[in-house]
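J.: please find the sequence and the predicted model below.
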Amino acid sequence: MSEVKLNLVDAERVQHGTIHGSVADSCVAALSAEPETIAELEAALARYIKPRDANGYFSWFSSTQCPTRSLSDQPWSFR
């Protein structure tokens, strides 16, 4: 199984978490819609994969409100 550590940043918040590599591929494809918010990224991602639950694709990600913009600098680790 491949995993990718992903940081999502928009004007309001920063979210970070670890996702399956195939979801990361779909996120890259969804960027072709030029989303400006994480919510718009999730909407564009729906073109490629179904949400894992009713709360969206990134509901389990850690979230930080901006302006602190604390990106996760922790390396990927096996759980």
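T.: In hand now; what should we look at?
J.: drop to CA atoms for contacts and neighbour counts, all remaining ones
T.: Fine.
J.: does the nearest residue to residue 31 once chain neighbours are set aside sit in a helix, a strand or a coil?
T.: Using Cα to Cα, 6 or more residues apart in numbering and skipping the chain neighbours, the partner closest in space to residue 31 is residue 41 (7.0 Å). Secondary structure, DSSP: H, G, I helix; E, B strand; the rest coil: residue 41 is helix.
J.: and residue 41, how far is that from residue 7?
T.: 13 Å (Cα to Cα, to the nearest Å).
J.: how about the strands of this structure, start to end?
T.: Applying DSSP state E to the chain gives strands spanning 3-9, 13-20, 62-65.
J.: report the mean per-residue pLDDT for the first one.
T.: Regarding strand 3-9, the rounded mean pLDDT is 88.
J.: tell me how far that strand lies from the chain's centre.
T.: 6 Å (Cα atoms, centre = their mean, to the nearest Å).
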